[in-house]
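> kindly return the folded structure for what I paste below:
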Amino acid sequence: MKWDYKVVSVNSLFQESNDHDIAVSKEAAGARRATMGQGMEETLNELGKESWELVSITGEFGIFKKPVN
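Have a look, this model is predicted:
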């Protein structure tokens with residue numbers, strides 16, 4: 001089988017991730033992780049609808065593949 005590949009920066013996987021502050025409490029850190037996780041999940045679902053499958057996260061890049069049509 002032949003594959004198409006897509007390489008994206010990890011930062012682009014997080015929707016609405018303009019937050020660069022450091023969480024100063026356990027509660028704030030947990031809330032920040034939950035928000036970022038939800039944004040990443042939404043982005044991965046969007047890519048999945050286009051048949052992209054996450055293969056690996058390597059350094060600062062996410063690597064996706066899908067079968068060549």
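
> where's the spatially most central residue of the chain relative to residue 24, distance?
Nearest to the geometric centre of the chain sits residue 13, at 3.0 Å (C-alpha atoms, centre = their mean). As judged by C-beta to C-beta, to the nearest Å, residue 13 and residue 24 stand 25 Å apart. From N, CA and C alone the C-beta is placed, and that goes for glycine too.

> ok, now residue 48?
From residue 48 over to residue 24 the distance is 35 Å, taken as C-beta to C-beta.

> okay, the two: which has more neighbours?
Set residue 48 next to residue 24 and count neighbours by other C-beta atoms under 10 Å: residue 48 wins out with 13 against 8.

> in the chain, which spans are strands?
Counting by DSSP state E, one finds strands in the chain at the ranges 3-9, 53-58, 61-67.

> pull the distance from the second one to the chain's centre.
Its chain's C-alpha centre and that of strand 53-58 lie 9 Å apart, by C-alpha atoms, centre = their mean, to the nearest Å.

> so what strands line up beside that strand?
Strand 53-58 pairs in its sheet with strand 61-67 (antiparallel), by DSSP bridges.

> what angle separates the strand it pairs with from strand 3-9?
Angle, strand 61-67 to strand 3-9, by axes from the mean of the first three to the mean of the last three C-alpha atoms, to 10 degrees: 160 degrees.

> what's in contact with strand 61-67?
Residues outside strand 61-67 that contact it (C-beta atoms under 8 Å, 6 or more residues apart in numbering): 1-10, 13, 47, 50-57.

> appreciated, that's everything.
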